[in-house]
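In: my questions are about this predicted structure, shown below with the sequence.
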Amino acid sequence: MIERRLARSIQVGGVTVGGTAPVIVQSMTNTDTRNTSATVDQIARLASLGCEIVRIAVPDMQAAQTLAEIKKGSSIPIIADIHFDYRLALAAMESGVDQVRINPGNIGDDDRVRAVVNAAKDRNIPIRIGVNAGSLPKDADAGKSQSEQMVDAVLKEVRLLEAAGFEDIEISCKSFDVPTTVEANRKISQVVQYPLHLGITEAGLPSSGSVRTAVGLGILLYEGIGDSLRVSLSGDPAVEIPVAYDILKSLNLRQRGPTLVSCPSCGRADVDVAALALAVNDRLSKMTKVVTVAVMGCEVNGPGEARHADVGVACGKGRGAIFCKGEIVRTVQEKDLLEALMEEVQKV
């Protein structure tokens, strides 16, 4: 069992991040923030998939003011993503956002940061200090590694917030490079107790980006580091949510929806395992219950894996044995495997 680092907890709207709360799944909209209806619709879709907190870009004052209407239409807490202009953070807080993210690399001098902190204190809004390898402060020590530069940037901002009496802080240190991200988060986890948001920034397209993110976040989560996460993929952000939960499910940190176990198939298989697994996965994708379903192609691992699942099928020549909670409940012809398996899933 993974022993998680016990961080301080913060409240982002109605969601607790850190402490004994589970690792929270986040995403970010890619609509034009000034298009209220499109943004609200995308948030609703993300929430329906299990997104628990959503971040929204605030490129200008119009976007900051639009957040008030977006907030009214959102069922989940909103983080305002602020770069360059501290006044956008002030306006976003006036619009009622649940958290602001500031980037030490571009937010401006200490007085501007203090203005954001004072507004956040007045409204009881937490601040995320979000450092990216691609936008480090100009005064970063060139003699240090990138991970050390990221940690330095975080700690400088943390001390500034703490000096102002502010401790509702969350931290993120992200890079495209997995080892850099891992090193930075390991280091920061040892020197502060604030909750950590994890991610691999600009991870890429869904296929390669999911792998890169799973490797980086998997290492940290297995070590007990991390209180929230985002899988940053190019394209529709809805793709990010299932990947995030798959990472957490793989480490037994969260359970949401069905889990499919299927063998890769080999020359011993007498049925089309891939086709059956795809059909089962399509049916399972429409379900929300927590259930493990196994689709196995032969007698080597098939019976054992099927027995370990809630429901499973171990296929043989032209037929398959359906297992439920470790017991064979029936044997059916190959053409009936899908329907028979799903009937048993519905009973669990």
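Out: Arrived safely.
In: let me see the mean pLDDT of stretch 234-251.
Out: Mean pLDDT, stretch 234-251: 96.
In: that should have said stretch 30-41, apologies.
Out: 98.
In: restrict it to CA atoms and write it as CSV.
Out: Taking C-alpha atoms only, stretch 30-41 is exported to CSV below (Å, rounded to 0.1, in the frame of the first residue of the first chain):
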residue,chain,number,x,y,z
ASN,A,30,-9.3,25.0,-24.4
THR,A,31,-12.3,27.1,-25.5
ASP,A,32,-12.1,30.9,-25.9
THR,A,33,-12.8,31.9,-22.3
ARG,A,34,-14.8,34.9,-23.6
ASN,A,35,-17.2,32.5,-25.2
THR,A,36,-19.2,31.7,-22.1
SER,A,37,-21.6,29.1,-23.5
ALA,A,38,-18.8,27.1,-25.2
THR,A,39,-16.7,27.2,-22.0
VAL,A,40,-19.6,26.2,-19.7
ASP,A,41,-20.5,23.3,-22.1
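In: in that stretch, what's buried?
Out: For stretch 30-41, a neighbour-count test (16 or more other C-beta atoms under 10 Å) marks Thr31, Thr33, Thr36, Thr39, Val40 as buried. C-beta coordinates here come from the backbone N, C-alpha and C atoms, glycine included.
In: quick one: the first one and Gln42 touch, right?
Out: Yes. With the criterion set as C-beta atoms under 8 Å, Thr31 and Gln42 qualify as a contacting pair; they are 5.2 Å apart.
In: downstream of the worst-scoring helix or strand of the chain on mean pLDDT, the next helix or strand is which one?
Out: Within the chain, judged by mean pLDDT, DSSP states H and E, the helix or strand with the poorest mean is helix 302-308; its value is a mean of 75. The C-terminal neighbour of helix 302-308 among helices and strands, as given by DSSP states H and E, is strand 311-316.
In: can you tell me the strand partners of that next one and which way each runs?
Out: Sheet pairing of strand 311-316 (DSSP bridges) gives strand 292-296 (parallel), strand 319-324 (antiparallel).
In: deepest-packed of those, please.
Out: Mean neighbours per residue, mean count of other C-beta atoms under 10 Å, is largest over the strands paired with strand 311-316 for strand 292-296, with a mean of 26.
In: hang on, the earlier thing: give me the contacts around the least confident helix or strand of the chain.
Out: For helix 302-308, the surrounding residues in contact (C-beta atoms under 8 Å, 6 or more residues apart in numbering) are Val261, Cys263, Thr292, Ala294, Met296, Gly312, Val313, Ala314, Cys315, Ala321, Phe323, Gly326.
In: and the strand or helix carrying Ala68, what's buried?
Out: Using DSSP H and E, the element containing Ala68 is helix 61-73. Across helix 61-73, burial judged by 16+ other C-beta under 10 Å covers Ala63, Ala64, Gln65, Thr66, Leu67, Ile70, Lys71.
In: and if you look at stretch 323-331?
Out: By neighbour count, with 16+ other C-beta under 10 Å as the criterion, the buried positions of stretch 323-331 are Phe323, Cys324.
In: next one: stretch 126-143
Out: By neighbour count on 16+ other C-beta under 10 Å, the buried set for stretch 126-143 is Pro126, Ile127, Arg128, Ile129, Gly130, Val131, Asn132, Ala133, Leu136, Pro137, Ala140.
In: now do the contacts for the last one.
Out: Read that as Ala140. Contacts for Ala140 (C-beta under 8 Å, 6+ apart) come out as Gln149, Asp152, Ala153.
In: would you say the first one is within a helix?
Out: By that I understand Gln149. Yes. Under DSSP: H, G, I helix; E, B strand; the rest coil, Gln149 sits within a helix.
In: secondary structure element holding the nearest residue in space to it that is not next to it in sequence?
Out: Counting by C-beta to C-beta, 6 or more residues apart in numbering, Gln149 lies nearest to Ala140, which is 4.3 Å off, once chain neighbours are set aside. Assessed by DSSP H and E, Ala140 sits outside every helix and strand.
In: look up how far Ser9 lies from Ala140.
Out: Ala140 sits 30 Å away from Ser9, going by C-beta to C-beta, to the nearest Å.
In: burial count for Asp177?
Out: Residues lying near Asp177 (other C-beta atoms under 10 Å) number 17.
In: which residues touch the residue lying closest to it once chain neighbours are set aside?
Out: The shortest distance from Asp177 to any non-neighbouring residue, by C-beta to C-beta, 6+ apart, is to Ala133 (7.0 Å). For Ala133, the contacting residues are Gln146, Met150, Lys174, Ser175, Phe176, Asp177, Thr180, Thr201, by C-beta under 8 Å, 6+ apart.
In: the fourth one and Gly199 touch, don't they?
Out: In this case it means Ser175. No. Between Ser175 and Gly199 there is no contact under C-beta under 8 Å: 9.5 Å.
In: these two: which has the busier surroundings?
Out: Gly199 (27 against 24).
In: look up how far Ile10 lies from that one.
Out: 17 Å.
In: next: Glu148.
Out: Counting by C-beta to C-beta - Glu148 and Ile10 are separated by 26 Å.
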